[in-house]
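>>> A structural model of the following input is requested.
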Amino acid sequence: MRWRLTRSSSICALALGSLLCAAGCGGNSGIQTPVLYPLTITLSSASATLPANGTAPAVTVTVNRAAGDSNPVTLIVSLPAGVTSRIVSPAQGDTGSVTFSAGSGASPGTSPVTIAATEGGPTATATLSLTVLSAPVTVNVTVSPTVNTSLGFNGQMQTFMTTQFQAAEWDQSFFPSLPNATTTLANLHPQHIRVYTNSEGIPQRADKSWDFTQLDATLDPVIGVGDKSISMVLVEGPLWMCTDIGPNCVLQPQNYPDFARYAAQMVQYYNTTTGFTDDTGVQHVHMPFTPITYWSIYTIPDLVGMTPAQYADLYNLTVTAMQNAGSLVPLKFVALELSGGTDANDYVPAFLDAVTAPIDVVAQQQYAVCGWQNTDAVAMGAVPYYFGQYARDFANIVATSPKLSNAVLWMTENNVDADFSIGNGLGECSSPFEVDPRGTSAFFAGWRPYVFSQWAQAGSHMLAHSDYEQDASTMSLMYAEVAYATGQPYLSYWVDYYLGRYFPYCAADEPASWCTAQPVSILTWTTSEPENAQTMEIFATRNTDGSVVVMAANHAVNGPNDDNGPGAPRTIILDLSQLPAFSSATELTIDANTDIVAGPQAMSVAPQAQMTVNLGGYGVTFLKLMP
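Here you go, the predicted structure:
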């Protein structure tokens, strides 16, 4: 904005920096009252990305003037160190431009840049996000035909993908409002989909009455999908059993028999044709008869302060009661589901000392961070240690404990950020609470394949996404695979879809008529990156038909302070000369450029002894070579 003077006094102009004249300056000189003109600017883009030592496309600056204002406008730009700009000011026109260039001294990362426009008076400003990319790095990878028997299950990949639903009041309208939603879900080919009882989805109410409406609104559509064998997750007890009603329901030992009876009545409701009669004389039976085999018994006991011995007591009582509930199908029990902050070595041995009931599955939940304020470097850094190492520790316990001789390891409820809103603008781990979009952004395309590879190599049988859909709020961007309102897949859906396609595995109890995947062998590979500083996750497998799949996941962080940043560019040179000759090949990439409506598209490429993969930031490429 500016002041317009019809007649100026040189004395006043010099005294006040040519901005305005007071009416009393120089006496009665006939100066009129100043007129204030509005001045605003808009930018053609809210962000710009600079290659290392390169130049970004020009950002157009549009000046919005008042009628009759044709005074020259000058642009001023604040720049981070090492970045220069070429400015074309609008002058008397309405548009100008700013072109950014990165010099050798520019640090990789993202920072705000303010563009100001002035006519000599007050300024108008607009801000854009400027990202400087690090210099491209080349990673050399050699793939060998030798099966690596130290990985997975004696060299076999036995990890399947699945997803999870929270049965609660905020999710109950998803399937009724989207009748085709089960088709999109089925296309994931999920096995043993987890249905998680939560809030009003816990069917026994605080007054001890029963209402299965919320739970069945989610369960009934889901149990008809895919293998038709869900895993029921009894997260916690009904509210009347809880001594601490907060984010988690805490059971005291005096309530353990109550929880066991509650779980047994759940079995009677779903797994018998007669159901059960509650304390008020009302009969409850699920129709039609759709029995449930897998039951998870009270999750994250470590997080609510339950000792291993206490959890063993609860587990023993509950499993025994459920076994005596008259189920018409065999039952399988999932124990523990430890939180991601607990190493199995610190909890499981003491639990095994006290447990007497059978265990079919042991499980652990895993999130990389809790709270949006954790940087990309922290979220990526959690994978090799907390995810990879914890999975290896747990798998070793399963392999060596007699009480787990028939058990498998599931890594359940997995995502980037565990935070959630607790109201009043606060999060469980953050203040203020903010939605962390990394669960559905390009970050996820570099992160989830990294997790999958680590868990498959460690010997986990399951990788379960935290939430298939997450209510109508923007929190959906944190957790979900599809949008709640439309059922439209997010980028996370396509990542999980293709992980399941390129690395298929059928759980041992899946019907052969539905799941037809053949065994997959894990090959041996070497990389030019140091073991403790790798930015590319490589995973190579061979199928029984002789085809080979090489996955290259770019989890390289661009700047140390990046939070949902773009990732750093990588070029991967694959040496495939030791493998047999191939007749054809396809390449599929999922990254920030992926069309999430149509999904990523595989392209035919010529198989060669050396092949190159380019990833401009976070993302994953699957290369499939056919004999």
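>>> if I look at the nearest residue in space to P566 that is not next to it in sequence, what pLDDT would I see?
Excluding the flanking residues, the one nearest P566 by CB to CB, 6 or more residues apart in numbering is G617, at 4.2 Å. C-beta here means a position set from N, CA and C on the backbone, and glycine is covered the same way. Here, the pLDDT recorded for G617 equals 97.
>>> burial measure for G617, as a count.
Using other CB atoms under 10 Å, the number of residues around G617 comes to 24.
>>> right, and it touches A442 too?
Yes. At 6.5 Å, G617 counts as touching A442 under the criterion of CB atoms under 8 Å.
>>> shared neighbours, these two?
566-567, 591-592 (CB atoms under 8 Å, 6 or more residues apart in numbering).
>>> which of the residues you listed count as buried?
Buried members of these, counted by 16 or more other CB atoms under 10 Å: 566-567, 591.
>>> among those, which are in strands?
Among the buried ones among the shared contacts of G617 and A442, the members falling in strands (DSSP state E) are D591.
>>> for the buried ones among the shared contacts of G617 and A442, which one is nearest Q214?
D591 (38.0 Å; CB to CB).
>>> what lies in contact with the helix or strand harbouring A263?
For A263, the host element (DSSP states H and E) is helix 256-271. Here helix 256-271 makes contact (CB under 8 Å, 6+ apart) with 203-204, 212, 232, 234, 237-238, 241, 251, 274-276, 278, 284-286, 290-292, 295, 297-298, 313-314, 317-318, 320-322, 324-329, 331.
>>> switch the cut-off to 6 Å
204, 234, 237, 241, 251, 275-276, 284, 286, 291-292, 314, 317-318, 321-322, 325, 327-329 (CB atoms under 6 Å, 6 or more residues apart in numbering).
>>> can I have the buried ones of those as a PyMOL selection?
Entered in PyMOL, the line below selects the buried ones among the contacts of helix 256-271, by 16+ other CB under 10 Å:
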select buried, resi 204+234+237+241+251+275+276+284+286+291+292+314+317+318+321+322+325+327
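>>> now go through the contacts of helix 256-271 and say which are in strands.
Assigned to strands by DSSP E, the following of the contacts of helix 256-271 qualify: 234, 276, 284.
>>> pLDDT wise, what is the nearest residue to the second one once chain neighbours are set aside at?
Using CB to CB, 6+ apart and skipping residues adjacent in sequence, the residue nearest F276 is Q268, 4.1 Å away. Here, the pLDDT recorded for Q268 equals 98.
>>> W447 now?
98.
>>> A helix includes it, no?
Yes. Under DSSP: H, G, I helix; E, B strand; the rest coil, W447 falls within a helix.
>>> A507: which of the ones in strands among the contacts of helix 256-271 is nearest?
Looking across the ones in strands among the contacts of helix 256-271 and measuring by CB to CB, the closest to A507 is L234, at 20.7 Å.
>>> enumerate every residue touching that closest one.
Neighbour list for L234: A263 [criterion: CB under 6 Å, 6+ apart].
>>> pull up the pairing partners for the helix or strand encompassing F165, direction included.
Using DSSP H and E, F165 falls within strand 164-167. Strand pairing for strand 164-167, using DSSP bridges, gives strand 194-197 (parallel).
>>> what's the average pLDDT for the strand it pairs with?
pLDDT averaged over strand 194-197 gives 96.
>>> in it, which residues are buried?
Quick answer for strand 194-197 (16+ other CB under 10 Å): 194-197.
>>> kindly export it (C-alpha atoms) in CSV.
Written as CSV, here are the backbone C-alpha positions of strand 194-197 (Å, rounded to 0.1, in the frame of the first residue of the first chain):
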residue,chain,number,x,y,z
ARG,A,194,-7.9,-57.5,11.9
VAL,A,195,-11.1,-56.0,13.4
TYR,A,196,-10.2,-53.9,16.4
THR,A,197,-12.9,-53.3,19.1
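>>> mind listing residues that contact that strand?
Residues contacting strand 194-197 (CB under 6 Å, 6+ apart): 164-167, 219, 222, 230-233, 235, 464.
>>> of all pairs in the shared contacts of G617 and A442, which one is the farthest apart?
Across these, the longest distance by CB to CB is 9.6 Å; it joins P566 and D591.
>>> low-scoring stretches of the chain, by residue?
Within the chain, the stretches with pLDDT under 70 are 1-37, 245-247.
>>> just the terminal-to-terminal distance for stretch 70-85.
One end of stretch 70-85 to the other measures 25 Å (CA to CA, to the nearest Å).
>>> dump the helix holding A263 to PDB, restricted to CA.
The C-alpha trace of helix 256-271 is given here as PDB (Å, rounded to 0.1, in the frame of the first residue of the first chain):
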ATOM      1  CA  TYR A 256      -9.400 -60.700  35.100                       C
ATOM      2  CA  PRO A 257     -12.300 -63.200  35.600                       C
ATOM      3  CA  ASP A 258     -14.700 -60.600  34.300                       C
ATOM      4  CA  PHE A 259     -12.600 -60.100  31.200                       C
ATOM      5  CA  ALA A 260     -12.400 -63.800  30.700                       C
ATOM      6  CA  ARG A 261     -16.200 -64.200  30.900                       C
ATOM      7  CA  TYR A 262     -16.600 -61.300  28.500                       C
ATOM      8  CA  ALA A 263     -14.300 -62.900  25.900                       C
ATOM      9  CA  ALA A 264     -16.100 -66.300  26.300                       C
ATOM     10  CA  GLN A 265     -19.400 -64.600  25.600                       C
ATOM     11  CA  MET A 266     -17.900 -63.000  22.500                       C
ATOM     12  CA  VAL A 267     -17.000 -66.500  21.300                       C
ATOM     13  CA  GLN A 268     -20.500 -67.700  22.000                       C
ATOM     14  CA  TYR A 269     -22.000 -64.900  20.000                       C
ATOM     15  CA  TYR A 270     -19.900 -65.500  16.900                       C
ATOM     16  CA  ASN A 271     -18.900 -69.100  17.000                       C
END
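>>> now do the buried residues in that helix.
Those would be 256, 258-271, for helix 256-271 by 16+ other CB under 10 Å.
>>> equivalent analysis for stretch 472-481, please.
475-481.
>>> check the separation of the first and last residues in it.
Stretch 472-481 stretches 13 Å from its first residue to its last (CA to CA).
>>> now do that stretch: everything it contacts.
Counting by CB under 6 Å, 6+ apart, 415, 417, 435-437, 439-440, 465-470, 484-485, 492-493 sit against stretch 472-481.
>>> what about that stretch, distance to the chain center?
Between the centre of stretch 472-481 and the centre of its chain there are 10 Å (CA atoms, centre = their mean, to the nearest Å).
>>> and which of the ones in strands among the contacts of helix 256-271 is nearest to N53?
L234 (57.0 Å).
>>> what about the closest one, distance to D376?
In this structure, L234 and D376 are 35 Å apart, going by CB to CB, to the nearest Å.
>>> all the strands of the stretch 101-250 of the chain, in order from the start?
Ranges of strands in the stretch 101-250 of the chain, per DSSP state E, counting those that start in this stretch, are 109-118, 123-132, 137-147, 156-157, 160-162, 164-167, 194-197, 231-234.
>>> need those strands in JSON lines (columns: distance to S431).
Formatted as JSON lines, the strands of the stretch 101-250 of the chain follow (distance: least, CB to CB, whole Å):
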{"stretch": "strand 109-118", "distance to S431": "22"}
{"stretch": "strand 123-132", "distance to S431": "24"}
{"stretch": "strand 137-147", "distance to S431": "37"}
{"stretch": "strand 156-157", "distance to S431": "42"}
{"stretch": "strand 160-162", "distance to S431": "33"}
{"stretch": "strand 164-167", "distance to S431": "24"}
{"stretch": "strand 194-197", "distance to S431": "26"}
{"stretch": "strand 231-234", "distance to S431": "29"}
